[in-house]
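[1] need a structure here:
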Amino acid sequence: MKYAFTILLGLASLISHAQQIPAFPVKVTSPVGVTGTVQTEVTKPIAITGTVPVSGTVTASVPGTVTVGGSVSATITNRVSAVLNNVSYMSRVLQSFENRLEVEGMPIFQAFNNTNISGSVSNNQTYFSFTPQVGTKVWIEELQITVPEALTMAVQWQNSGIAVAGFGGNYMARRMLPGVENRIPIRRFVPNNVTIAVTQVGNYTLTSPIGVTGTVQAGFSSGLRTSMDFQRNAERVILKLHDSIWDGSGPASWDDYSDVKLRNRLVTQTGQTWEILSKGKGGFTSSNIEVLRTQGQLNVLQADIILYEPMMNDASAATYDANLANIIAWKQTYFPRSLLFVIGIYPRSDAQETILAAARTAAQTRIAALNDPRIIYVPMGDLWNPSTQQGTYTIDNIHANAAGHALMDSRMWSYVQPTLSLLP
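    Model prediction:
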(Lines give C-alpha, C1' and ligand atoms only; values in the text may rest on other atoms or scores of the structure.)
Protein backbone atom coordinates (compact mmCIF):
# COMPACT_ATOMS: atom_id res chain seq x y z
CA MET A 1 0.00 0.00 0.00
CA LYS A 2 1.44 3.41 -1.00
CA TYR A 3 0.53 7.03 -0.29
CA ALA A 4 1.63 9.85 -2.56
CA PHE A 5 2.67 13.08 -0.90
CA THR A 6 2.40 16.26 -2.91
CA ILE A 7 3.87 19.51 -1.55
CA LEU A 8 2.48 22.59 -3.20
CA LEU A 9 4.71 25.57 -2.66
CA GLY A 10 3.31 29.01 -3.47
CA LEU A 11 6.07 30.89 -5.28
CA ALA A 12 4.66 34.26 -4.42
CA SER A 13 4.65 33.48 -0.71
CA LEU A 14 8.17 32.08 -0.44
CA ILE A 15 11.03 34.43 0.15
CA SER A 16 14.33 33.61 -1.41
CA HIS A 17 16.37 33.22 1.75
CA ALA A 18 13.80 31.02 3.51
CA GLN A 19 15.47 27.82 4.59
CA GLN A 20 13.19 26.04 7.04
CA ILE A 21 9.45 25.64 7.58
CA PRO A 22 8.09 24.37 10.91
CA ALA A 23 7.03 20.72 11.04
CA PHE A 24 3.28 20.09 10.73
CA PRO A 25 0.96 17.12 11.53
CA VAL A 26 -0.98 15.26 8.81
CA LYS A 27 -3.75 12.77 9.69
CA VAL A 28 -4.15 9.77 7.36
CA THR A 29 -7.78 8.62 7.56
CA SER A 30 -8.25 6.49 4.40
CA PRO A 31 -9.22 2.83 4.96
CA VAL A 32 -6.55 0.19 4.52
CA GLY A 33 -6.13 -0.61 0.84
CA VAL A 34 -7.26 2.82 -0.37
CA THR A 35 -4.56 4.99 -1.95
CA GLY A 36 -4.83 8.72 -1.40
CA THR A 37 -2.81 11.87 -1.84
CA VAL A 38 -1.86 14.19 0.97
CA GLN A 39 -1.64 17.72 -0.40
CA THR A 40 -0.13 20.40 1.77
CA GLU A 41 -0.33 23.99 0.66
CA VAL A 42 2.01 26.22 2.62
CA THR A 43 3.02 29.83 2.61
CA LYS A 44 6.25 29.23 4.51
CA PRO A 45 9.20 26.86 4.00
CA ILE A 46 8.75 23.38 5.54
CA ALA A 47 10.77 20.72 7.34
CA ILE A 48 9.36 17.18 7.61
CA THR A 49 10.87 14.56 9.91
CA GLY A 50 10.13 10.99 10.88
CA THR A 51 8.00 8.11 9.56
CA VAL A 52 4.56 8.01 7.92
CA PRO A 53 2.41 5.17 9.38
CA VAL A 54 -0.71 3.73 7.69
CA SER A 55 -2.78 5.91 9.97
CA GLY A 56 -2.00 8.52 12.53
CA THR A 57 0.10 11.67 12.61
CA VAL A 58 2.64 12.08 9.87
CA THR A 59 6.04 13.57 10.53
CA ALA A 60 8.58 13.28 7.79
CA SER A 61 12.04 14.54 6.95
CA VAL A 62 13.61 15.75 3.72
CA PRO A 63 15.82 14.11 2.64
CA GLY A 64 14.67 10.82 4.16
CA THR A 65 12.28 7.90 3.77
CA VAL A 66 8.53 7.76 4.29
CA THR A 67 7.51 4.26 5.42
CA VAL A 68 3.89 3.21 4.91
CA GLY A 69 2.62 0.34 7.05
CA GLY A 70 6.14 -0.76 7.85
CA SER A 71 6.48 -2.66 4.57
CA VAL A 72 6.23 -0.35 1.57
CA SER A 73 8.43 2.72 1.48
CA ALA A 74 9.09 5.62 -0.89
CA THR A 75 12.21 7.74 -0.68
CA ILE A 76 11.78 11.49 -0.47
CA THR A 77 14.69 13.17 -2.21
CA ASN A 78 15.90 16.72 -1.97
CA ARG A 79 12.93 17.96 -3.96
CA VAL A 80 11.77 20.47 -1.35
CA SER A 81 15.31 21.86 -1.20
CA ALA A 82 15.40 21.95 -4.99
CA VAL A 83 12.09 23.79 -5.09
CA LEU A 84 13.38 26.36 -2.61
CA ASN A 85 16.44 26.88 -4.80
CA ASN A 86 14.19 27.25 -7.81
CA VAL A 87 12.18 29.87 -5.94
CA SER A 88 15.40 31.81 -5.26
CA TYR A 89 16.37 31.48 -8.89
CA MET A 90 12.96 32.56 -10.20
CA SER A 91 12.79 35.46 -7.76
CA ARG A 92 16.16 36.62 -9.03
CA VAL A 93 15.71 36.29 -12.79
CA LEU A 94 12.09 37.50 -12.94
CA GLN A 95 12.81 40.85 -11.29
CA SER A 96 12.63 43.89 -13.46
CA PHE A 97 15.94 44.89 -15.04
CA GLU A 98 16.11 48.01 -12.88
CA ASN A 99 15.52 46.12 -9.62
CA ARG A 100 18.04 43.46 -10.46
CA LEU A 101 20.63 46.04 -11.43
CA GLU A 102 20.10 47.82 -8.13
CA VAL A 103 20.30 44.62 -6.03
CA GLU A 104 23.23 42.95 -7.78
CA GLY A 105 25.20 46.06 -8.79
CA MET A 106 27.57 48.39 -6.99
CA PRO A 107 26.64 52.08 -7.12
CA ILE A 108 28.99 54.63 -8.67
CA PHE A 109 27.65 57.90 -7.34
CA GLN A 110 29.85 60.26 -9.28
CA ALA A 111 32.37 60.05 -12.13
CA PHE A 112 33.21 63.52 -13.43
CA ASN A 113 36.17 65.28 -14.92
CA ASN A 114 36.75 69.05 -15.00
CA THR A 115 38.84 70.47 -17.83
CA ASN A 116 39.93 74.08 -17.74
CA ILE A 117 40.19 75.64 -21.21
CA SER A 118 41.31 79.01 -22.53
CA GLY A 119 42.38 80.44 -25.88
CA SER A 120 41.68 77.43 -28.10
CA VAL A 121 40.98 73.72 -27.96
CA SER A 122 42.27 71.05 -30.33
CA ASN A 123 40.43 68.38 -32.25
CA ASN A 124 40.06 65.13 -30.25
CA GLN A 125 40.94 66.76 -26.93
CA THR A 126 39.54 64.44 -24.26
CA TYR A 127 37.20 65.96 -21.69
CA PHE A 128 36.10 62.73 -20.04
CA SER A 129 37.16 59.08 -20.26
CA PHE A 130 35.91 56.04 -18.35
CA THR A 131 37.01 52.39 -18.64
CA PRO A 132 35.55 49.68 -16.34
CA GLN A 133 37.92 47.30 -14.59
CA VAL A 134 38.59 43.86 -16.04
CA GLY A 135 35.70 41.54 -15.22
CA THR A 136 33.19 44.36 -14.72
CA LYS A 137 30.76 46.39 -16.75
CA VAL A 138 29.04 49.66 -15.84
CA TRP A 139 25.49 50.71 -16.68
CA ILE A 140 25.31 54.43 -17.52
CA GLU A 141 21.96 56.13 -17.87
CA GLU A 142 23.26 59.39 -19.34
CA LEU A 143 26.20 61.73 -19.58
CA GLN A 144 25.93 65.27 -18.24
CA ILE A 145 28.09 68.00 -19.75
CA THR A 146 28.39 71.70 -18.99
CA VAL A 147 30.45 74.10 -21.13
CA PRO A 148 31.52 77.75 -20.84
CA GLU A 149 30.44 78.43 -24.44
CA ALA A 150 28.99 76.48 -27.35
CA LEU A 151 31.22 73.57 -28.34
CA THR A 152 30.80 70.53 -30.56
CA MET A 153 31.73 67.30 -28.84
CA ALA A 154 31.62 63.60 -29.62
CA VAL A 155 30.82 60.57 -27.49
CA GLN A 156 33.18 57.77 -28.54
CA TRP A 157 33.20 54.07 -27.71
CA GLN A 158 36.92 53.39 -27.92
CA ASN A 159 38.49 49.93 -28.20
CA SER A 160 35.10 48.59 -29.24
CA GLY A 161 35.06 45.52 -31.44
CA ILE A 162 32.37 47.17 -33.53
CA ALA A 163 34.14 50.50 -34.02
CA VAL A 164 33.29 52.52 -37.12
CA ALA A 165 36.16 52.65 -39.59
CA GLY A 166 38.03 55.93 -39.47
CA PHE A 167 37.09 56.81 -35.89
CA GLY A 168 38.46 55.88 -32.48
CA GLY A 169 35.17 54.21 -31.68
CA ASN A 170 31.45 54.47 -32.30
CA TYR A 171 31.03 58.20 -32.73
CA MET A 172 28.15 60.55 -31.91
CA ALA A 173 28.63 64.32 -32.35
CA ARG A 174 26.52 66.77 -30.34
CA ARG A 175 26.41 70.54 -30.02
CA MET A 176 26.84 71.55 -26.36
CA LEU A 177 25.27 74.80 -25.20
CA PRO A 178 26.39 77.03 -22.32
CA GLY A 179 24.18 77.83 -19.35
CA VAL A 180 22.41 74.45 -19.33
CA GLU A 181 23.24 70.89 -18.38
CA ASN A 182 23.59 69.05 -21.67
CA ARG A 183 22.30 65.49 -21.24
CA ILE A 184 23.24 62.67 -23.58
CA PRO A 185 21.27 59.44 -23.05
CA ILE A 186 23.41 56.30 -22.99
CA ARG A 187 21.28 53.60 -21.29
CA ARG A 188 23.64 50.73 -21.88
CA PHE A 189 26.58 48.91 -20.36
CA VAL A 190 30.18 49.90 -20.89
CA PRO A 191 32.00 46.52 -20.77
CA ASN A 192 35.51 45.90 -19.50
CA ASN A 193 38.31 46.94 -21.86
CA VAL A 194 36.00 49.41 -23.65
CA THR A 195 36.29 53.14 -23.00
CA ILE A 196 33.50 55.71 -23.23
CA ALA A 197 34.97 59.15 -23.91
CA VAL A 198 33.81 62.70 -24.55
CA THR A 199 36.12 64.51 -26.99
CA GLN A 200 36.35 67.78 -28.89
CA VAL A 201 35.21 67.83 -32.53
CA GLY A 202 37.44 70.12 -34.60
CA ASN A 203 39.84 72.84 -33.60
CA TYR A 204 38.08 75.73 -31.92
CA THR A 205 39.09 79.21 -30.77
CA LEU A 206 37.18 80.39 -27.73
CA THR A 207 35.36 83.71 -27.84
CA SER A 208 36.33 84.47 -24.24
CA PRO A 209 39.15 87.03 -23.88
CA ILE A 210 42.64 85.61 -23.81
CA GLY A 211 43.63 84.67 -20.31
CA VAL A 212 40.04 83.96 -19.22
CA THR A 213 39.63 80.32 -18.25
CA GLY A 214 36.43 78.38 -18.70
CA THR A 215 35.61 74.91 -17.41
CA VAL A 216 34.14 71.91 -19.17
CA GLN A 217 32.61 69.40 -16.78
CA ALA A 218 31.72 66.00 -18.21
CA GLY A 219 30.75 62.67 -16.69
CA PHE A 220 27.82 60.88 -15.08
CA SER A 221 26.24 61.30 -11.67
CA SER A 222 24.95 57.76 -11.24
CA GLY A 223 26.09 54.44 -12.57
CA LEU A 224 25.83 50.81 -11.52
CA ARG A 225 28.77 48.47 -11.73
CA THR A 226 28.28 44.72 -12.08
CA SER A 227 30.26 41.60 -12.81
CA MET A 228 30.55 40.65 -16.47
CA ASP A 229 28.27 37.72 -15.55
CA PHE A 230 25.31 40.01 -14.84
CA GLN A 231 22.07 38.67 -16.37
CA ARG A 232 23.67 35.38 -17.22
CA ASN A 233 20.67 33.78 -15.44
CA ALA A 234 22.73 30.87 -14.17
CA GLU A 235 21.25 28.29 -11.83
CA ARG A 236 23.85 28.90 -9.11
CA VAL A 237 25.50 32.04 -7.74
CA ILE A 238 28.93 32.88 -6.34
CA LEU A 239 28.79 36.11 -4.32
CA LYS A 240 32.29 37.55 -3.97
CA LEU A 241 33.09 40.22 -1.34
CA HIS A 242 36.46 41.58 -2.31
CA ASP A 243 39.13 44.21 -2.86
CA SER A 244 41.40 44.78 -5.87
CA ILE A 245 42.71 41.20 -5.88
CA TRP A 246 39.48 40.18 -7.65
CA ASP A 247 38.79 43.56 -9.22
CA GLY A 248 40.75 43.59 -12.44
CA SER A 249 44.07 44.79 -11.04
CA GLY A 250 45.99 41.70 -12.12
CA PRO A 251 45.80 39.74 -15.40
CA ALA A 252 44.45 41.49 -18.48
CA SER A 253 41.97 38.67 -19.16
CA TRP A 254 39.15 37.91 -16.74
CA ASP A 255 39.51 34.22 -17.57
CA ASP A 256 42.84 34.21 -15.72
CA TYR A 257 41.35 35.28 -12.35
CA SER A 258 40.93 32.65 -9.65
CA ASP A 259 37.27 33.43 -8.97
CA VAL A 260 36.45 32.83 -12.66
CA LYS A 261 38.48 29.62 -12.63
CA LEU A 262 36.44 28.51 -9.60
CA ARG A 263 33.20 29.30 -11.42
CA ASN A 264 34.31 27.19 -14.38
CA ARG A 265 35.33 24.28 -12.14
CA LEU A 266 31.91 24.38 -10.46
CA VAL A 267 30.14 24.23 -13.82
CA THR A 268 32.10 21.11 -14.74
CA GLN A 269 31.77 19.46 -11.34
CA THR A 270 28.06 20.13 -10.69
CA GLY A 271 26.70 20.07 -14.23
CA GLN A 272 24.93 23.36 -13.46
CA THR A 273 25.48 26.89 -14.69
CA TRP A 274 27.12 29.36 -12.29
CA GLU A 275 27.57 33.12 -12.29
CA ILE A 276 29.55 35.60 -10.21
CA LEU A 277 27.99 38.54 -8.37
CA SER A 278 30.52 41.17 -7.31
CA LYS A 279 30.39 43.39 -4.23
CA GLY A 280 33.64 45.26 -3.76
CA LYS A 281 36.30 47.25 -5.60
CA GLY A 282 39.95 48.17 -5.60
CA GLY A 283 41.20 49.67 -2.34
CA PHE A 284 38.43 48.14 -0.25
CA THR A 285 39.08 46.88 3.26
CA SER A 286 36.90 44.65 5.39
CA SER A 287 35.45 47.87 6.83
CA ASN A 288 34.21 48.92 3.38
CA ILE A 289 32.46 45.57 3.03
CA GLU A 290 31.03 46.12 6.50
CA VAL A 291 29.53 49.42 5.29
CA LEU A 292 27.89 47.59 2.38
CA ARG A 293 26.50 45.05 4.85
CA THR A 294 25.00 47.73 7.11
CA GLN A 295 23.44 49.39 4.05
CA GLY A 296 21.81 46.11 2.99
CA GLN A 297 23.77 46.02 -0.25
CA LEU A 298 24.93 42.43 0.34
CA ASN A 299 21.39 41.06 0.59
CA VAL A 300 21.11 39.57 -2.86
CA LEU A 301 18.34 37.10 -3.63
CA GLN A 302 20.60 34.09 -4.13
CA ALA A 303 24.10 33.17 -2.98
CA ASP A 304 25.07 29.50 -3.04
CA ILE A 305 28.77 30.15 -2.37
CA ILE A 306 30.10 33.30 -0.69
CA LEU A 307 33.77 34.24 -1.06
CA TYR A 308 35.05 36.70 1.57
CA GLU A 309 38.42 38.07 0.46
CA PRO A 310 38.95 41.70 1.67
CA MET A 311 42.08 41.38 3.83
CA MET A 312 44.96 42.80 1.78
CA ASN A 313 44.40 46.50 2.68
CA ASP A 314 43.32 46.24 6.31
CA ALA A 315 45.30 48.31 8.77
CA SER A 316 44.28 46.31 11.85
CA ALA A 317 43.85 42.58 12.41
CA ALA A 318 41.46 43.31 15.28
CA THR A 319 39.23 45.40 13.01
CA TYR A 320 39.32 42.68 10.38
CA ASP A 321 38.33 40.08 12.97
CA ALA A 322 35.39 42.19 14.19
CA ASN A 323 34.18 42.71 10.64
CA LEU A 324 34.53 39.01 9.90
CA ALA A 325 32.38 38.22 12.95
CA ASN A 326 29.66 40.48 11.52
CA ILE A 327 29.89 38.82 8.10
CA ILE A 328 29.55 35.37 9.68
CA ALA A 329 26.48 36.49 11.63
CA TRP A 330 25.01 38.01 8.45
CA LYS A 331 25.64 34.79 6.52
CA GLN A 332 24.04 32.66 9.24
CA THR A 333 20.98 34.90 9.22
CA TYR A 334 20.41 35.44 5.49
CA PHE A 335 22.09 32.42 3.90
CA PRO A 336 22.29 29.65 6.56
CA ARG A 337 22.48 26.83 4.01
CA SER A 338 25.05 28.50 1.76
CA LEU A 339 28.80 27.92 1.91
CA LEU A 340 31.09 30.73 3.11
CA PHE A 341 34.80 30.57 2.24
CA VAL A 342 37.03 33.04 4.08
CA ILE A 343 40.24 33.67 2.16
CA GLY A 344 43.44 34.08 4.20
CA ILE A 345 45.11 36.06 1.45
CA TYR A 346 48.54 35.27 -0.02
CA PRO A 347 51.68 36.87 1.46
CA ARG A 348 53.27 40.26 0.87
CA SER A 349 56.95 41.18 1.06
CA ASP A 350 56.51 44.51 2.88
CA ALA A 351 55.51 45.66 6.36
CA GLN A 352 51.82 44.97 5.63
CA GLU A 353 52.58 41.24 5.94
CA THR A 354 52.70 41.59 9.74
CA ILE A 355 49.07 42.72 9.77
CA LEU A 356 48.08 40.09 7.22
CA ALA A 357 49.65 37.30 9.26
CA ALA A 358 47.70 38.41 12.35
CA ALA A 359 44.48 38.69 10.33
CA ARG A 360 44.95 35.18 8.91
CA THR A 361 45.46 33.78 12.41
CA ALA A 362 42.37 35.61 13.70
CA ALA A 363 40.24 34.29 10.85
CA GLN A 364 41.46 30.72 11.23
CA THR A 365 40.91 30.79 14.99
CA ARG A 366 37.41 32.24 14.74
CA ILE A 367 36.27 29.78 12.09
CA ALA A 368 37.77 26.77 13.87
CA ALA A 369 35.84 27.71 17.01
CA LEU A 370 32.57 27.75 15.07
CA ASN A 371 32.94 24.12 13.96
CA ASP A 372 30.45 24.86 11.18
CA PRO A 373 30.98 22.74 8.04
CA ARG A 374 29.43 25.51 5.93
CA ILE A 375 31.98 28.15 6.99
CA ILE A 376 35.49 27.30 5.77
CA TYR A 377 38.83 29.03 6.13
CA VAL A 378 41.10 28.84 3.05
CA PRO A 379 44.76 29.45 4.01
CA MET A 380 46.90 31.12 1.36
CA GLY A 381 49.67 32.67 3.41
CA ASP A 382 52.04 29.92 2.27
CA LEU A 383 51.24 29.96 -1.46
CA TRP A 384 54.73 31.26 -2.25
CA ASN A 385 57.82 32.66 -0.60
CA PRO A 386 57.37 36.45 -0.55
CA SER A 387 61.12 37.03 -0.16
CA THR A 388 62.08 35.26 -3.37
CA GLN A 389 58.94 34.61 -5.45
CA GLN A 390 56.90 37.82 -5.24
CA GLY A 391 58.04 38.84 -8.71
CA THR A 392 57.10 35.40 -10.07
CA TYR A 393 53.51 35.45 -8.90
CA THR A 394 52.53 39.16 -8.74
CA ILE A 395 52.62 42.07 -11.15
CA ASP A 396 53.56 44.73 -8.59
CA ASN A 397 54.43 42.82 -5.40
CA ILE A 398 50.75 43.05 -4.38
CA HIS A 399 48.37 41.94 -7.13
CA ALA A 400 48.61 38.35 -8.33
CA ASN A 401 49.40 37.73 -11.99
CA ALA A 402 48.02 34.80 -14.00
CA ALA A 403 50.46 32.36 -12.36
CA GLY A 404 49.54 33.65 -8.90
CA HIS A 405 45.83 33.29 -9.62
CA ALA A 406 46.45 29.74 -10.84
CA LEU A 407 47.92 28.91 -7.42
CA MET A 408 44.98 30.61 -5.70
CA ASP A 409 42.59 28.59 -7.84
CA SER A 410 44.22 25.27 -6.95
CA ARG A 411 44.20 26.07 -3.24
CA MET A 412 40.57 27.25 -3.27
CA TRP A 413 39.41 24.18 -5.17
CA SER A 414 41.06 21.86 -2.66
CA TYR A 415 38.75 23.36 -0.02
CA VAL A 416 35.62 23.90 -2.14
CA GLN A 417 35.38 20.52 -3.85
CA PRO A 418 34.97 18.42 -0.65
CA THR A 419 32.05 20.61 0.50
CA LEU A 420 29.92 20.48 -2.66
CA SER A 421 27.58 17.88 -1.16
CA LEU A 422 26.55 20.57 1.35
CA LEU A 423 25.33 22.97 -1.33
CA PRO A 424 21.71 24.03 -0.78
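
[2] got the contact list for the closest residue to residue 250 other than its chain neighbours?
    Excluding the flanking residues, the one nearest residue 250 by C-beta to C-beta, 6 or more residues apart in numbering is residue 399, at 4.5 Å. The C-beta positions use only the backbone N, C-alpha and C, and glycine is treated the same way. The contact partners of residue 399, by C-beta atoms under 8 Å, 6 or more residues apart in numbering, come to 244-245, 249-250.

[3] Widest-spaced pair of the residues you listed?
    Pairwise distances across the contacts of residue 399 (C-beta to C-beta) peak at 8.3 Å, for the pair 244 and 250.

[4] still on that earlier bit, looking at the contacts of residue 399, which one is closest to residue 355?
    residue 245 (15.4 Å).

[5] Show the contacting residues for the closest one.
    With C-beta under 8 Å, 6+ apart, residue 245 has these contacts: 309, 312, 345, 399-400.

[6] ok so, going back, just the buried ones among the contacts of residue 399, please.
    244-245, 249-250 (16 or more other C-beta atoms under 10 Å).

[7] tell me the least confident of those residues?
    On pLDDT alone, residue 249 ranks lowest of those, at 88.

[8] wait, it sits on residue 242?
    No: Residue 249 is beyond contact range of residue 242, at 10.6 Å (criterion: C-beta atoms under 8 Å).

[9] which of the contacts of residue 245 sit farthest apart?
    309 and 399 (12.6 Å).

[10] would you list every one of the helices in the chain?
    All helices of the chain, identified by DSSP state H, fall at 79-93, 97-104, 258-270, 286-294, 317-334, 352-370, 390-393, 402-416.

[11] Residue 207 is nearest to which of these?
    Proximity to residue 207 (C-beta to C-beta) singles out helix 97-104 among these, at 42.1 Å.

[12] what packs against that closest one?
    Judged by 3 or more C-beta pairs under 8 Å, 6 or more residues apart in numbering; DSSP states H and E, the packing partners of helix 97-104 are strand 223-227.

[13] In terms of secondary structure, what does the strand it packs on contact?
    helix 97-104, strand 106-108, strand 136-146, strand 274-280.

[14] where's the residue most central in space within the chain relative to residue 297, distance?
    Centrality entry for the chain: nearest residue to the mean C-alpha point is residue 277, 1.9 Å, by C-alpha atoms, centre = their mean. Distance of residue 277 to residue 297, computed by C-beta to C-beta, to the nearest Å: 11 Å.

[15] Show me the domain layout of the chain.
    Listed domain ranges for the chain are 4-93, 106-225, 233-422 (source: automatic domain parsing).

[16] so which of those is the most packed in?
    Comparing these by mean neighbour count (mean count of other C-beta atoms under 10 Å), domain 233-422 ranks first with a mean of 18.

[17] End to end on that domain, go ahead and measure it.
    Domain 233-422 has an end-to-end distance of 22 Å (C-alpha to C-alpha, to the nearest Å).

[18] switch to numbering from 890
    Sure, I'll start counting at 890 from here, so that last one is domain 1122-1311.

[19] what is residue 1035 paired to in the beta sheet?
    residue 1106 (DSSP bridges).

[20] quick one: it and residue 1072 touch, right?
    No: using C-beta under 8 Å, residue 1035 makes no contact with residue 1072, being 10.4 Å away.

[21] coming back round to it: show me the contacts for the residue nearest to the centre of the chain.
    993, 1115-1116, 1118-1119, 1126-1129, 1189, 1192.

[22] go on, residue 1301?
    Listed by C-beta under 8 Å, 6+ apart, the contact partners of residue 1301 are 1147, 1151, 1230, 1232, 1267.

[23] Then residue 1023?
    1081-1082, 1137, 1139-1143, 1146 are the contacts of residue 1023 under C-beta under 8 Å, 6+ apart.

[24] hmm, 6 Å instead?
    1081, 1137, 1143 (C-beta atoms under 6 Å, 6 or more residues apart in numbering).

[25] pLDDT weak spots in the stretch 890-1039 of the chain?
    Applying pLDDT under 70 to the stretch 890-1039 of the chain flags the ranges 890-974.

[26] thinking again about what came up before, distance-wise, check the residue nearest to the centre of the chain relative to residue 1224.
    Residue 1166 is 12 Å from residue 1224, where distance means C-beta to C-beta.

[27] Ok, residue 1093 next?
    56 Å.

[28] Just put the contacts of residue 1023 in a markdown table and tack on distance to residue 1271 and pLDDT.
    Supplementary listing: the contacts of residue 1023 in a markdown table, determined by distance: C-beta to C-beta, whole Å; pLDDT from 0 to 100:
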| residue | distance to residue 1271 | pLDDT |
| --- | --- | --- |
| 1081 | 31 | 89 |
| 1137 | 26 | 83 |
| 1143 | 26 | 95 |
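
[29] now, which of those sits nearest residue 1239?
    Nearest to residue 1239 among the contacts of residue 1023, counting by C-beta to C-beta, is residue 1137 at 22.1 Å.

[30] The closest one against residue 1024, yeah?
    Yes: counting by C-beta atoms under 6 Å, residue 1137 touches residue 1024, with 5.1 Å between them.

[31] how about the residue lying closest to residue 1168 once chain neighbours are set aside, what does it touch?
    Setting aside the residues directly before and after it, residue 1168 is nearest to residue 1130 in space (C-beta to C-beta, 6+ apart), at 5.3 Å. Residues in contact with residue 1130 (C-beta under 6 Å, 6+ apart) are 1168-1169, 1178, 1197.

[32] Thank you kindly, that will do.
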